[in-house]
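>>> Any chance you can model this:
(2 chains)
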Amino acid sequence: MAETNETNETTGEPEEEFLGLLARFEDPDALVEGCDQARRAGYTKMDAFSPFPVHGIDDAIGIQRTKLPVLVFCVGMTACGLGLFLQWYTNTFHHDCVFPGYDFLISGKAMFSLPANIPVTFEVIVLLSAFTAFFGMWALNGLPKLSNPLFRNPEFRRSTSDGFFLYIEKEDGSFSQSGTRDELMEWGAEAVDPISAPEEELQVPGYFKLVGLIVASLLLVPPVVIFRAQFTKNPLPRMHVNPDMDRQHRSESQDASPAMGDGTLFADDRAMRIDPVGTIARGELGLVTDVEFHDGVKKGTPTRSAMAERTVEKTVEAGRPLLVSRRQDDAAADESKPAADDSAKVDPELDWLVDYPEQIRKKLETEEAGLALYARGKRQFDVYCSVCHGYAGYGDGLVSKRALALNLQQKAEWIAAKSLHDPQVIKQPVGRIFDTISNGRGGMGPYRSQITAEDRWAIIFFVRALQATRDGEKSDVPEDARVVAWDQVNPLQDEAAAGSDAGKEDDKKEDDSKPE
Amino acid sequence: MHSERKTSITSERISLGDSSLKLSLVSFVVGAAGVLIALVGFYAMGDYDNSHSWFKRFLFSYHTSFCFCLSISVGALFVVLILNLTRAGWGVVVRRLAEILASVIFPMLILFAPIFLITVFSGRGEWGSLIYIWNNPTFLANNSETMFDMKQNYLHSGWFGLRILIYFSVWGLIAFYFFMRSVKQDDSGDRQISAGMQRMSAPFMIFFAFTVVFASFDLEMSLAPRWFSTMFPVYFFAGGVMGAFATLIIFCNLLQKNGILTDEITDDHYHDLAKLSFAFVFFWGYIAFSQFMLIWYANIPEETFWYVYRADWSKWAFLSVLLIFGHLLIPFVGIMARHLRRNRKYMFVWAFILLAFHWLDHYWLVMPQFLADPTGHLTATSNGVPGSPPALLCDALLAIGMLGLYMGMVFFMASGKALIPVKDPRLVESLNFKNL
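Numbering: from 1, shown residues only, chains lettered A, B, ... in the order given. Reported below is the predicted structural model:
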C-alpha cells in the first residue's frame, strides 16, 4: 500500500495527515503474538481486528475490562426502584394534584401488592438494563461512526474474512514511524501500511439534507391532524380499523331477543336477562341487610323492593305475564282491573324510619361532621332538587316554573313540584322522604341511581334545616347563636312567608290531590 | 499464555487411587452412624403427638435428606446430558465428576427402600401412609368428593411403586450408559464413543425430562395429595441442577487441594461452573416466584392452602423468607461479579452455602406436610415447626448421615476410574479453554 501513497504524492495531491500503522498478520496466533509483543514494548494506543473472536487477544493487547457491567448493574437497580415507583404512583397516589394516579382494583388484590408488582418491575429492569448494555456499548465504543480512516485501506476489508490486523496510532508515546514499522515486521507482520486521514471531512450530500427536511415536515402532519380533530366535528361514523371487534355476533344491551326458529330465543322478547330473584351484586350486601340506611324503613320491616318482589311472585303465581307491552297493558286495564294491579300502583305506606339511621346519627355527634353533612346536603340539593323544588324549597324551581307556563298553553301535563314547607311534608318521617328521593313519587322520578344513599340522607338533613328556617320555634335556635331578638325576626319571617305565598300563586296550579 | 498451550494431562494424580475405597468405607460408616444416631434421637424424643409418631418424624426427616441427595444426582445427570447434547468443549474436564455423581442414582434406590417398602407393601393404613397420606383410608374417605377423587387411581401404592422403579431404572440406564462408555473411552480412545454419546443424549434427554417431571410429582408433591402445580417439576429440577453445579465446585476444590487434577481445572472452568450455578440460582428463584404468583393471583383455595400454611408466621413463614433471601437474593448479588466467580476459594464457600439452602429448600417442601392431619388438612394439630432444637439437630445429623451414605456410593463408583476423560477428543480444547 506504500505504493498508493507514493502515487498520491507524485500526482501532486496535498499530503494527507498520517495517523498510524496498520500491520497484517498471517493467522490469529500470529496476531496474538504480535499484540503481545507490542504491549510488552509499551504500546497502549492500539487495536486489533479479526473476523472472529480470538481467545486471549484481550490479555495480549492489554485491554481494560469494560465498565459496562457496572453501568448495567446501576441502571438495573435504578430500574427496580423506578418500576416499583411507577406502579405505586399510578395505582395508589390519588391525591388532589395535577397528575394524580388512579386506584384501579384488579382481582381484588391490594392496590400496592408486591407479588403482583414483581413481574412488571422485572420487565422494567430487563428493558432498561438491555438498553443500557446496547446503547452503553455504542457510547463506550464511540458509535455510531459513519466512517473510519482504516476503511480507506483496501486490504482492511479482509478483516471480515481472513485478515488479522493490528493498528498502532501515531499518538502513542512509543511510536516512531520507521521504528514501529520495523518492530511490527520483526514481530511477524506480513505487511505494514500507513494510514492517513482524508484531507477534509466528508460532508453529508446536499440532497440528504433536502430529503431530511421533507421527511421532518411530513412528520409534523399527524400531530397537526390530531390537534385539529379536537376542534372540528365530523358527521361520519368513526373508522372501523378492525370491524370484527365492533360487529360481533352478540346482543347489545336493550336489544330485542334474537330470533330463533319461529319465535325468539327468550320468551319475554328481551335479550337482556333479569337477575334471579334474590341476587345480590358483589359489594352490595349492605343494600339488603342495612334497610335503615338504604331503604329508610325500620329494621325487620318490609322494604319497598320486598313488596315489589312479592307482587312479582303473586303475578307469577297467578299465571299472568310479568312483562307486557304498554298497549296490551292498557287494553287489559280497560277490560278488567285486577286487584294485584291496584296494590302495585298505590305506593305502600311502610314502617318508615323516624330518626336518622345510625351512620348519619354518628356524624351528627360532632359539630364539624354535622356541618360537613349540611354542606354536602346543600350542594346535592342545589344540584338535583333545586331545579324543580327551588333553592328555598318552595317548589318554584326554574324547570317547574317553565313547565307550569307550558301547562297553561296546553303544551304540557306537568304536576307541580311540591313545596317542602308544605305541612304534609314537614310531618313526614325522614324515612318517607328518603323513600321519595330514592324511588320517586307522583310526578317525581327516582334518584336512587344518581345520588348515593349517604347524599340522600344529607339532602334530608338540609331540607329539615330549610324547613326550620320558616317553621322553626324560638327554642330551635341555641341561646348563644341568637343574633337578633326573636320578636324582631318574627314579623320579617311573616312577610317573607307572605311573599313566597304570593310567588306560589304566580307559579299557579297547586294540585292538592296529587302533590309532590 | 497462548505459547504455553497444553496438549495433554500434566497432573501427577488424576484419580483417587487406593484411597477411594477407604474413603468410601469411612463415608459409609459416618453415614450409617449419622442416620442411626438421628433414629435414636427421634426415638428418645418420643412421639410428636398421638397421631404423629416419632418414627413418622424420622421418616420425614429421612425423606428430606434423601430427596436432597437425589436431586443433586438428577441434576448431575442433566449436566452430563447437556454437555453431550451441546457437544460442549469447555466441560470435558469436569464431565467425569458429573458422570460419577449421576451414576449413583440407581444404587440410591437402596436408600429409598425404607419409604418404598413401607408405602408399597404395608397397604392402605396407618403404616402405609406414614409418609404418603394418600395411602391413608381416612384421607381417602374424607376426600372422596373433592378433586382428589380423580387422582385416586394414580396415587395408588402399587402403581406408585412401579413408577418409582421405572424412574430409577431410566435414570440408572442413562447414567450407566454415559459412565460406562466414557470410561471405556479412557482405554480405547475411540472417537466413535463420543459420537455415540452425543447421538444418544437427545432421546435420553426426553426420557430424562418425563421421568423427572413425574418423579417430582410422586416423591415430593404427592406429600400434599390435594395440592397441584404443574410448575413443581421445574422447581425441583432447577434446585437440583444448582445443587449439582455447587457440588462440582466443591469436588474440584477438594480434589485440587489434595493434588489431583491440579493443572487441568483452571479458573476458566471454575468461572463457567460458577456462571451456571448463578444461572440456576436465578432460574430457581424465577420458577419459585412464578409458581407462587400464579397460585396467589388465581386465589383458588385448592391451591393456595399449600402456600398459606407456609406463609404463616407462627409456622413456616420464617423459613420461606429465609429461602427467598438465602436461596435467591443474597447469592444473586454475591456471585454476580465476574472476578468473584473466577475466585475458586470464594466459590468454594458459596457452594456450601448454596447446598445448605438447597437442603433447606427440600426441608421446606417436605416437612410442613408432616403435620397434615389424616384428612389432609394442614391446620388442625399443627402449631409451629415440628420440632424442638434437639429435633432440628437430629434433622441435621440425618442430613449428614444421608450425605455420608451418598458420598460412600460416590467414592465407590469413583474407585479405579480416572476423574477426567483422559482420551476424550475434546480434552485438549477443554484444557485450553478460555472465557472471552
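
>>> For the rest of this, base every contact and every neighbour count on C-alpha atoms.
Noted.

>>> just the helices in the stretch 251-400 of chain A please.
Secondary structure of the stretch 251-400 of chain A (DSSP state H, counting those that start in this stretch): helices at A:285-289, A:291-295, A:304-317, A:326-335, A:339-345, A:358-363, A:367-380, A:386-389, A:398-408.

>>> what's next to the shortest one, contact-wise?
If I follow you right, that is helix A:386-389. With contact meaning CA atoms under 8 Å, 6 or more residues apart in numbering or on different chains, helix A:386-389 is reached by A:392-393, A:395-401, A:417-420.

>>> Just give me the neighbour total for the residue of the stretch 201-350 of chain B at minimum distance from chain A.
Chain A sits closest to residue B:293 of the stretch 201-350 of chain B, with a gap of 6.2 Å, by CA to the nearest CA. When neighbours are counted by other CA atoms under 10 Å in any protein chain shown, residue B:293 registers 16.

>>> Next: residue A:453.
20.

>>> List the contacts of it.
A:293-294.

>>> picking up where we left off before, and the contacts of helix A:386-389, which are buried?
Buried subset of the contacts of helix A:386-389 (neighbour count, 16 or more other CA atoms under 10 Å in any protein chain shown): A:392-393, A:395-397, A:399-401, A:417-420.

>>> where among the helices of the stretch 251-400 of chain A is the average confidence lowest?
The stretch with the lowest average pLDDT out of the helices of the stretch 251-400 of chain A is helix A:339-345, scoring a mean of 44.

>>> if we can go back for a sec, format the contacts of helix A:386-389 as TSV; extra columns: distance to chain B.
Below are the contacts of helix A:386-389 laid out as TSV (distance: CA to the nearest CA, whole Å):
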residue	distance to chain B
A:392	54
A:393	52
A:395	54
A:396	56
A:397	53
A:398	54
A:399	52
A:400	54
A:401	57
A:417	53
A:418	53
A:419	55
A:420	52
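
>>> any idea how far the nearest residue to residue B:34 once chain neighbours are set aside is from chain A?
In this structure, residue B:34 finds its nearest non-sequential neighbour in residue B:401, 4.0 Å apart by CA to CA, 6 or more residues apart in numbering or on different chains. Taken as CA to the nearest CA, to the nearest Å, the spacing of residue B:401 relative to chain A amounts to 38 Å.

>>> Please identify the helix or strand for residue B:401.
helix B:389-414 (DSSP states H and E).

>>> what's next to the helix or strand immediately after that helix in the chain, contact-wise?
Per DSSP H and E, the first helix or strand lying C-terminal to helix B:389-414 is helix B:427-431. The contact list for helix B:427-431 (CA under 8 Å, 6+ apart) reads B:6-8, B:89-93, B:264-265, B:421.

>>> go on, stretch B:33-48?
With contacts defined as CA under 8 Å, 6+ apart, stretch B:33-48 is touched by B:53-55, B:57-58, B:386, B:391, B:394-395, B:397-402, B:404.

>>> Sort these by pLDDT and name the bottom one.
Comparing the contacts of stretch B:33-48 by pLDDT, residue B:386 comes last, at 61.

>>> CA atoms only for stretch B:410-422, dumped as CSV, please.
What follows is stretch B:410-422, C-alpha atoms only, in CSV (Å, rounded to 0.1, in the frame of the first residue of the first chain):
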residue,chain,number,x,y,z
VAL,B,410,-19.9,-41.8,45.0
PHE,B,411,-16.4,-42.8,46.3
PHE,B,412,-17.2,-46.4,45.5
MET,B,413,-18.2,-45.5,41.9
ALA,B,414,-15.1,-43.4,41.5
SER,B,415,-12.7,-46.2,42.6
GLY,B,416,-10.3,-47.2,39.9
LYS,B,417,-11.6,-44.6,37.4
ALA,B,418,-9.8,-41.6,36.1
LEU,B,419,-11.5,-38.4,37.3
ILE,B,420,-11.2,-36.9,33.8
PRO,B,421,-12.0,-38.4,30.4
VAL,B,422,-8.3,-38.9,29.5
